[in-house]
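Engineer: what shape does this take:
(one chain, ligands or ions: 2)
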Amino acid sequence: IMIVKTAIFVSSNNRVDKLPAARLPEYAFIGRSNVGKSSLINALTGNRNLAKTSQTPGKTQLINHFLINDAWYLVDLPGYGFAKVSKSSRATWEKFIRRYLLLRENLQCVFVLIDSRHEPQRIDLDFCYWLGENRIPFMLVFTKADKLSALKSQSHIEKFRNALLQWFEEVPAHFLTSAENRLGCDELLAAIDEINTN
Ligand code: GTP
Ligand code: MG
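Structural biologist: Ligands and ions are numbered 1, 2, ... in the order given. I've put the predicted structure just below:
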């Protein structure tokens, strides 16, 4: 298993041309606002104060880089699907994040976070489809597992994977996680470690 020895905040950016040099492998966390991206980054690194979290959706607004073990980056992204933002700021989000995802050459894998409490949501399925269409590697991370029974979360995971099978021959790997009790965190770190060492 991989041990996180150091996790350091590097930068917050609103422009793709200002990001840290693309010399180290990088893993981005994305998903709906409030799904738990920042909380999971904190759980993975064992530092509750690393990424800023909030009960109110829309907390993370920039591309945040965290350097892990001096060897790779975890990237916290703003969420999508936040109902309260205006059409124009949504369009801005789209341009900026999609540019990042399409252009970042050291991006090894995108972790798409999905709230395990819900039935498959169109916006998450569409986002996965867009990643697939653009050949951006991704894995699925179901969050907040501590909030529901294992039976329920398994059923939601199954439905989500089945929905993806309409488009993909193979559904990417998935993890069931909780930032509250660290469920799935070591497995997720092991997956990153495996990509790093290959
Ligand atoms: P934005 O930055 O706004 O897009 O949100 P985010 O996806 O980064 O979510 P964030 O980590 O800020 O968490 C949102 C809320 O969900 C906070 O109140 C967290 O405490 C809560 N939360 C996140 N992960 C978990 C989890 O695994 N279990 C429980 N019970 N609550 C969680
Ligand atoms: Mg956040």
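Engineer: what is the longest helix along the chain packed up against?
Structural biologist: Criterion DSSP state H: the longest helix present in the chain is helix 87-103. For helix 87-103, the packing partners by 3 or more C-beta pairs under 8 Å, 6 or more residues apart in numbering; DSSP states H and E come out as strand 26-31, strand 63-68. Using the backbone N, CA and C atoms, a C-beta is placed for each residue, glycine as well.
Engineer: what segments of this structure are strands?
Structural biologist: Assigned by DSSP state E, the strands in the chain fall at 7-13, 26-31, 63-68, 72-76, 107-115, 138-143, 174-176.
Engineer: just send those back as CSV, with mean neighbour count, distance to ligand 2 and mean pLDDT too.
Structural biologist: Below are the strands of the chain laid out as CSV (neighbours: other C-beta atoms under 10 Å; distance: least, C-beta to the ion, whole Å; pLDDT from 0 to 100):
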stretch, mean neighbour count, distance to ligand 2, mean pLDDT
strand 7-13, 15, 12, 97
strand 26-31, 23, 8, 98
strand 63-68, 22, 8, 97
strand 72-76, 23, 6, 98
strand 107-115, 21, 10, 98
strand 138-143, 22, 12, 98
strand 174-176, 19, 18, 98
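Engineer: ok, which of the ones you listed comes nearest Ser38?
Structural biologist: strand 72-76 (5.5 Å; C-beta to C-beta).
Engineer: quick one: distance of the closest one to the chain centre.
Structural biologist: The chain centre lies 10 Å from the centre of strand 72-76; the measure is C-alpha atoms, centre = their mean, to the nearest Å.
Engineer: noted, bye for now.
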